[in-house]
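Participant: Let me see the structure of the following:
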Amino acid sequence: MKVHDILGEPDEHVRFAAYLDELRQVAAADEIGLVGSVLTDPDQMMARSAVLRHLDRRAAELCLGPAYEEWAEAMTQVVIRHPFLVRRLREWSLFRAIALELPWHRDDLLASSDWLQLKTAGGPSAEAIEVLAESGRTKRIRNTAGAGLKQRSKHRAQAADEA
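Facilitator: You can find the predicted model right below:
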């Protein structure tokens, strides 16, 4: 089904499912164009939701590899008029920096969304987890990060005992 055909469908639930299907199957060379086309849907909330799911899926696939930066830059250009989508891409870039132990700023993490803080609280960076255990936005984030710190301490103690 082509985007033009999808736009002709009156039911937004059907369009949403069709967009997700098209986005899941799109070739890398056609991805930017398809995302731009989806964002022309008159139901902007639904279109942004479909694109958000796609961004999250693709960013999860790419974020630890070298292709991420070029992809994120191109994707940012196509979603530039959609602040929430731009923010999500920025947060994926921050998550990437933390995961790859690249430079990042504590204040950027603390200003990030609950989504990113929770994702990071369960991630591999001891430094980020410590920041979130101390100053995460919500009790859930602080507790998740605190549990991660306890788990790390337990693993270190077990490793020391075995050595």
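
Participant: Identify the residues contacting the top helix by length along the chain?
Facilitator: Secondary structure of the chain per DSSP state H: the longest helix is helix 139-162. By C-beta atoms under 8 Å, 6 or more residues apart in numbering, the residues outside helix 139-162 that reach it are 114, 117-118, 121-122, 126, 129-136. No exception for glycine: its C-beta is placed from N, CA and C like everyone else's.

Participant: Show me what the one helix or strand Gln117 maps to is in contact with.
Facilitator: Assigned by DSSP states H and E, Gln117 falls within helix 114-121. Applying C-beta under 8 Å, 6+ apart, the set of residues contacting helix 114-121 from outside is 88, 91, 94-95, 98, 109-110, 112, 128-129, 132-133, 136-138, 140-141, 144-145, 148.

Participant: still on that earlier bit, just the buried ones among the contacts of helix 139-162, please.
Facilitator: Neighbour-count burial (16 or more other C-beta atoms under 10 Å) applied to these gives Gln117, Leu118, Ala121, Ile129, Glu130, Val131, Leu132, Ala133, Gly136.

Participant: Quick check: Ala47 vs Glu69, distance?
Facilitator: Ala47 sits 25 Å away from Glu69, going by C-beta to C-beta, to the nearest Å.

Participant: Sorry, wrong one. I was asking about Ser125.
Facilitator: Distance from Ser125 to Glu69, by C-beta to C-beta: 19 Å.

Participant: which one of the two has more residues nearby?
Facilitator: Taking neighbours as other C-beta atoms under 10 Å, Ser125 and Glu69 compare with Ser125 leading, 20 against 13.

Participant: tell me the pLDDT at that one?
Facilitator: pLDDT recorded at Ser125 is 94.

Participant: Next up, phi/psi of it, please.
Facilitator: Main-chain dihedrals, Ser125, degrees, to the nearest 10: phi -90, psi 110.

Participant: show me the contacts for it.
Facilitator: Ile98, Ala99, Glu101.

Participant: gap between it and Ala50?
Facilitator: Ser125 is 31 Å from Ala50, by C-beta to C-beta.

Participant: related to what we said a few turns ago, tell me the one of the contacts of Ser125 nearest Glu61?
Facilitator: Ala99 (13.6 Å; C-beta to C-beta).

Participant: That closest one contacts Gly122, correct?
Facilitator: No: Ala99 lies out of contact with Gly122 (C-beta atoms under 8 Å); the separation is 11.4 Å.
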